[in-house]
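Participant: what shape does this take:
(chains A and B)
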Protein chains: 2
Amino acid sequence: VVGYDLTRLVVGSEGTLAIITEATLKLTPKPEAVRTLRAVYADMSAAARAVARVMAQPVTPCALEFMDASAIALVRSYAAADIPEGAGGLLMIEVDGPAAYLPLAAEAVAEAARGEGLLGLDVAEDEAAVERLWQARKALSPSLRKAAPRKINEDVVVPVSRIPELIDGLRTISERHGILIVNFGHAGNGNIHMNLLYDPADPRQAEAAPACLDEAFALVLRLEGTLSGEHGVGIDKRDFVAREIEPVTLELMRRIKSQFDPHGILNPDKGWPARAGGAPDAVAERRL
Amino acid sequence: VVGYDLTRLVVGSEGTLAIITEATLKLTPKPEAVRTLRAVYADMSAAARAVARVMAQPVTPCALEFMDASAIALVRSYAAADIPEGAGGLLMIEVDGPAAYLPLAAEAVAEAARGEGLLGLDVAEDEAAVERLWQARKALSPSLRKAAPRKINEDVVVPVSRIPELIDGLRTISERHGILIVNFGHAGNGNIHMNLLYDPADPRQAEAAPACLDEAFALVLRLEGTLSGEHGVGIDKRDFVAREIEPVTLELMRRIKSQFDPHGILNPDKGWPARAGGAPDAVAERRL
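Facilitator: Coordinates of the predicted model:
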């Protein structure tokens, strides 16, 4: 607390403020062991309510991944997936810590995962079972590549309590535009990977995909979310930034950049919407 | 990661950048139960080595407080303290979590606490024992008030591995200036409360105390520490800031402030060293 926290300001700035030449990291001890659980639900609402229960009890999982109905259907189409019939939402949960503690931790998490809509709950007892439970989740990325020639993969974030609304809304948007949207991600912090799958050689799909993405982003912001959780903005999302950050804040950020980078030479054109008038302004001019 | 992390920039800025009108906090579940341990060592080096061992194993304590020899001696003088003879360093350790997990967690921490120089290790089995173990630590603040008419209480931080050097160095400084320095704090993150105790009515002590503090701060910075961990800078430490933060960084921070506060009206005179020339400059002028 001596001076301002410039480290956090620079983290996530995508090279627009400074070049990091040295970093000191704090390490946490490697956990002694891990236990894996898989919970399958009738729909994402039931899965999301389970996520809320899991996060509210004292044993915080080290992994809490979800797949929605579209992701489950995709894996079923392209890979052998051992998932109960009628599954509309799936959670992969892992807890870690001292080996002797894991049975207790797994039971605490399993207890929270149980509830309305649960179709099946498995706790892996050995390495082979861990592999089997992760199989559907791990088959997802290869399946996405097989499903369509092109994939727009966005990592949006919404409050955990809004995940069901996001998934429901994305299904409506997907149906309206005739573009497949497949969702999975990190349920514990609301970070969702939404994947728009389409064929750019199909004129209808090529036109529908950007409109579909546009509506999806609008939905995320309506749910008090953010357009990127971990992938960043770069060039791809720069034109969406002004929808999320209000003009006065954006202008303040530009001015902060100009203090670090008065000549606009640090990763120009990244992370910022073009100024009104059209041309991207890499040099954030100082205008007090 | 959309835009810059202004939240972290504002946190710890002591009201010099913005007025916070609303904050959304993430809550962690309340732990089901807590277990308390007290480990007493022959000297602070042994205690500090134990801290390193405790922090390197997978069960991270929720509290890890220490008292050095001067703090133990002070408590012995002003309160009834049940501490083994020859104690030169004391650790209060607490672990929390599900009740069924605590015996395991306490044993993991106790195992790490054991080692060369350990004089005694107690694990509280009931509420009365918890009270008894915390007694010496809780008697410390009242004892500090009794020991001298004035107390300079600074919360410095050094890397955990440098705690023994800091404590040794402070003892040397204390002896040279004839000013009592009593140290305790949060060993797990290297945050040390060093207390200079003196009588301002005694001309020798009144002159020695600021010189003693000056040397103590110089030692902290030599050990790659920082002059404040949680108390902040305010007015009291503002003239020391330039010793810790190099001029180019300090100037960058001033320029960032000027973007938030062009008229210099936000908590002026706090947190910043006076400019060369003498007068405090609340308005951080923009000079590109």
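
Participant: only C-alpha atoms from now on, for both contacts and neighbour counts.
Facilitator: OK.

Participant: near chain B, which residues of the stretch 1-150 of chain A are found?
Facilitator: Within the stretch 1-150 of chain A, the positions lying close to chain B (CA under 8 Å from any CA of the partner chain) are A:1-6, A:8-13, A:28-32, A:55-59, A:97-98, A:100-101, A:104.

Participant: how about residue A:21, secondary structure?
Facilitator: At residue A:21 the chain is in coil, as set by DSSP: H, G, I helix; E, B strand; the rest coil.

Participant: okay, now it: neighbour count?
Facilitator: 5 (other CA atoms under 10 Å in any protein chain shown).

Participant: picking up where we left off before, got a PyMOL select line for the buried ones in the residues of the stretch 1-150 of chain A next to chain B?
Facilitator: Buried residues within the residues of the stretch 1-150 of chain A next to chain B, by 16 or more other CA atoms under 10 Å in any protein chain shown, are selected in PyMOL with:
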select buried, chain A and resi 1+2+3+4+5+9+10+12+13+55+57+58+59+97+98+101
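
Participant: narrow the residues of the stretch 1-150 of chain A next to chain B to those in helices?
Facilitator: Among these, the members found in helices (DSSP state H) are A:6, A:8-10, A:55-56, A:104.

Participant: among those, which pair sits farthest apart?
Facilitator: A:6 and A:104 (40.8 Å; CA to CA).

Participant: residues in the stretch 151-288 of chain A within reach of chain B, list them.
Facilitator: Near chain B, when you scan the stretch 151-288 of chain A using CA under 8 Å from any CA, you find A:226-233, A:241, A:245, A:250, A:252-253, A:255-256, A:259-260, A:262, A:271-272, A:288.

Participant: how about 6 Å then?
Facilitator: Proximity of the stretch 151-288 of chain A to chain B, by CA under 6 Å from any CA of the partner chain, involves residues A:229, A:232, A:256.

Participant: just the buried members of the residues you listed?
Facilitator: Here, 16+ other CA under 10 Å leaves A:229, A:232, A:256 buried among these.

Participant: so what pLDDT did the first one get?
Facilitator: So the one you mean is residue A:229. Each residue has a pLDDT score; the one for residue A:229 is 91.

Participant: same check, this time on residue A:160
Facilitator: So residue A:160 comes in at 88 (pLDDT).

Participant: would residue A:181 count as being in a strand?
Facilitator: Yes - assigned with three-state DSSP, residue A:181 falls within a strand.

Participant: just give the nearest non-adjacent residue to it, would you?
Facilitator: What sits nearest to residue A:181 in space, not counting adjacent residues and going by CA to CA, 6 or more residues apart in numbering or on different chains, is residue A:196, at 4.6 Å.

Participant: quick one: secondary structure of that neighbour?
Facilitator: Three-state call for residue A:196 (three-state DSSP): strand.

Participant: that one: what's it in contact with?
Facilitator: A:151-152, A:180-181 (CA atoms under 6 Å, 6 or more residues apart in numbering or on different chains).

Participant: so which of the residues you listed comes closest to chain B?
Facilitator: Distance to chain B, by CA to the nearest CA, is smallest for residue A:152 among the contacts of residue A:196, at 18.0 Å.

Participant: partners of that closest one in the sheet?
Facilitator: In this entry, residue A:152 is beta-bridged to residue A:196, by DSSP bridges.

Participant: could you report the neighbour count for it?
Facilitator: Residues near residue A:152, counting by other CA under 10 Å, number 14.

Participant: test my guess that it contacts residue A:198.
Facilitator: No - using CA atoms under 6 Å, residue A:152 is not in contact with residue A:198; the gap is 8.5 Å.

Participant: how close does residue A:128 get to chain B?
Facilitator: 25 Å (CA to the nearest CA, to the nearest Å).

Participant: what helix or strand does residue A:125 sit in?
Facilitator: Counting by DSSP states H and E, residue A:125 is held by no secondary-structure element, helix or strand.

Participant: not counting its neighbours along the chain, what's nearest whatever residue of the stretch 51-200 of chain A ends up closest to chain B?
Facilitator: Taking CA to the nearest CA, chain B has its nearest neighbour within the stretch 51-200 of chain A at residue A:58, 5.2 Å off. Using CA to CA, 6+ apart and skipping the chain neighbours, the partner closest in space to residue A:58 is residue B:29 (5.2 Å).

Participant: enumerate every residue touching the one you found.
Facilitator: Residue B:29 makes contacts with A:56-58, as judged by CA under 6 Å, 6+ apart.

Participant: got a markdown table for these, with pLDDT too?
Facilitator: Below are those laid out as a markdown table (pLDDT from 0 to 100):
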| residue | pLDDT |
| --- | --- |
| A:56 | 86 |
| A:57 | 87 |
| A:58 | 83 |
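
Participant: any idea how far the residue nearest to residue A:181 is from residue B:207?
Facilitator: Going from residue A:196 to residue B:207 by CA to CA, to the nearest Å gives 72 Å.

Participant: quick one: the helices in the stretch 151-288 of chain A?
Facilitator: A:163-177, A:203-222, A:241-244, A:247-260 (DSSP state H, counting those that start in this stretch).

Participant: so for residue A:87, which of those helices sits nearest?
Facilitator: Closest to residue A:87 of those, according to CA to CA: helix A:163-177, at 14.7 Å.

Participant: can you pull the buried residues of the host helix or strand of residue A:141?
Facilitator: If you go by DSSP H and E, residue A:141 is part of helix A:140-147. Buried positions in helix A:140-147, judged by neighbour count with 16+ other CA under 10 Å: A:140, A:143-144, A:147.

Participant: same check on stretch A:191-210?
Facilitator: If you call a residue buried by 16+ other CA under 10 Å, then stretch A:191-210 has these buried ones: A:191-200, A:205, A:208-209.

Participant: as CSV, these with pLDDT and distance to residue A:113 would be great.
Facilitator: Converted to CSV, these look like this (pLDDT from 0 to 100; distance: CA to CA, whole Å):
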residue, pLDDT, distance to residue A:113
A:191, 94, 19
A:192, 95, 20
A:193, 95, 22
A:194, 96, 24
A:195, 96, 26
A:196, 97, 29
A:197, 96, 31
A:198, 96, 34
A:199, 96, 38
A:200, 96, 40
A:205, 96, 39
A:208, 97, 38
A:209, 97, 36
